[in-house]
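Trainee: pasting the sequence and the predicted model now:
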Amino acid sequence: MKQNEMLAMILAGGRGSRLHDLTNKVAKPAVSYGGKYRIIDFPLSNCANSGISTVGVLTQYESVLLGSYAAKSGLWGLDTKDSGVYVLPPREKADSDLDVYRGTADAITQNIDFIDNYDPEYLLVLSGDHIYKMNYDKMLAYHKAQNAAATIAVMPVTLEEATRFGIMITDEDNKIIDFEEKPAHPRSTLASMGIYVFDWAKLRALLIKDKDDENSSHDFGNDIIPALLNGGEKLVAFKFEGYWKDVGTIDSLWEANMDLLDENNELNLNDPTWRIYTEDAAPLPAYIGPDAEIGAAYITQGTRVEGEVKNSVIFTGAEVGKGAHIIDSVLMPGVKVAEGATVTRALIANDIKVSKDAVVGSADSKEILLVAQDV
């Protein structure tokens with residue numbers, strides 16, 4: 001990839017309300033995952049590994065922690081003379097006194113000047129709240145080979161899941177012939193992953209036109225993609241093969257963590273050829289006590305385990321006391337489970353304390369219990 005041939009913009013302003021108390025004080029992309037990572041580490045690492053040198057991170061909700069974290073360009077090796085990660089908060093007021101992005105497309109529109117400064121031929125637009133590994137350079141090569149105005153990464157989902165996504169209807173050559181946003185009765189199961197490559201000149205012209213359209217929601221799915229299709233532009237689907245997870249709910253975030261226990265998990269956070277970079281505080285090694293019982297667990301450095309951990313994920317700084325039982329659960333950073341306590345099918349939020357002999361969660365529960373207050 002040529003220098004600044006493609007610039008990336010990560011949409012990281014969402015609240016993630018379905019994650020409930022986990023996002024009361026932090027934006028969804030800043031939520032912890034996989035022992036020591038944050039969700040936004042994945043699109044940023046993908047950019048670095050794909051040779052993209054300039055990345056804009058568009059923040060909005062609870063942006064202080066996310067913004068200060070993303071601005072540490074060196075975490076992803078993007079702190080050289082010709083590279084960088086730039087945090088871009090909203091600059092225009094909508095229907096309130098606050099500066100906000102009116103929609104996903106408006107987030108790009110408000111930053112046209114920033115993009116123009118680099119004069120890219122192509123623009124990569126990413127969601128900042130999904131967990132996956134992807135080579136965007138390969139997607140760009142496919143986009144150029146197809147001579148398309150836009151390329152949308154897609155992944156097959158179940159018919160039931162398709163109602164939650166933007167769905168692409170394609171022909172035998174992967175050309176997109178129709179698009180449905182969260183359809184009640186899907187005509188296809190090819191779900192948009194929220195990953196787009198655009199011809200920047202064509203997208204720029206459409207964004208400027210869309211900006212003053214009072215009937216527009218200024219959204220890629222609802223407005224921009226349909227406008228490109230209706231305008232006769234060529235859109236193609238880039239079929240992704242690999243691990244991808246939309247962690248928009250407590251259950252899906254729990255599932256994504258539990259997937260790490262599978263030896264054949266396609267994500268493979270230990271792959272030296274495609275590293276996922278993060279802020280590493282270099283804590284002490286994990287301490288496993290002499291009476292601890294460990295079975296199918298993912299335990300990060302800086303943890304202390306003296307009880308039983310079975311089929312669970314333990315994040316940096318978490319502690320499991322003597323005689324405690326952690327079963328089918330996720331303990332996020334700094335969680336303290338006192339001796340004798342039992343935690344089952346639960347996700348315990350950062351720095352929560354579970355007191356001695358407490359019982360949290362149930363093996364019979366259909367949904368994962370979120371614990372966001374001391375027990």
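Mentor: Received the coordinates, thanks. Residues are numbered from 1 along each chain as shown.

Trainee: ranges for the helices of the stretch 151-300 of the chain?
Mentor: 200-211, 225-230, 250-258 (DSSP state H, counting those that start in this stretch).

Trainee: OK, contacts around G321?
Mentor: Residues counted as contacts of G321 (Cβ atoms under 8 Å, 6 or more residues apart in numbering) are 306-307, 336-341, 356. C-beta here means a position set from N, CA and C on the backbone, and glycine is covered the same way.

Trainee: roughly how far does it sit from S73?
Mentor: 39 Å (Cβ to Cβ, to the nearest Å).

Trainee: before we move on, the earlier item: among the helices of the stretch 151-300 of the chain, show me which one is buried the most.
Mentor: Using mean count of other Cβ atoms under 10 Å, the stretch among the helices of the stretch 151-300 of the chain with the greatest mean number of neighbours is helix 250-258 (a mean of 20).

Trainee: just how off-centre is it within its chain?
Mentor: Put simply, helix 250-258 sits 13 Å off its chain's centre (Cα atoms, centre = their mean, to the nearest Å).

Trainee: what does stretch 78-94 give?
Mentor: Centroid separation for stretch 78-94 versus its chain: 18 Å, with Cα atoms, centre = their mean.

Trainee: how about it as CSV, C-alpha atoms only?
Mentor: Listed next in CSV are the C-alpha coordinates belonging to stretch 78-94 (Å, rounded to 0.1, in the frame of the first residue of the first chain):
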residue,chain,number,x,y,z
LEU,A,78,1.8,4.4,14.6
ASP,A,79,3.9,7.1,16.1
THR,A,80,6.5,7.6,13.4
LYS,A,81,7.0,10.8,11.3
ASP,A,82,4.5,9.7,8.6
SER,A,83,1.9,8.0,10.8
GLY,A,84,-0.4,8.6,13.7
VAL,A,85,-3.7,8.0,15.5
TYR,A,86,-5.8,11.1,15.8
VAL,A,87,-8.8,11.5,18.1
LEU,A,88,-11.6,13.4,16.5
PRO,A,89,-14.5,14.5,18.7
PRO,A,90,-17.7,16.1,17.2
ARG,A,91,-17.4,19.7,16.1
GLU,A,92,-21.0,20.6,15.2
LYS,A,93,-24.2,21.0,17.3
ALA,A,94,-27.3,19.1,16.4
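
Trainee: contact partners of that stretch?
Mentor: Residues outside stretch 78-94 that contact it (Cβ under 8 Å, 6+ apart) are 3, 13, 44, 47-48, 53-60, 63, 67, 70-73, 76-77, 98-102, 107, 110-111, 114.

Trainee: any of those buried? List them.
Mentor: Members of the contacts of stretch 78-94 that pass the buried threshold by neighbour count (16 or more other Cβ atoms under 10 Å) are listed as 13, 44, 47-48, 53-60, 63, 67, 70, 73, 76, 100-102, 107, 110-111, 114.
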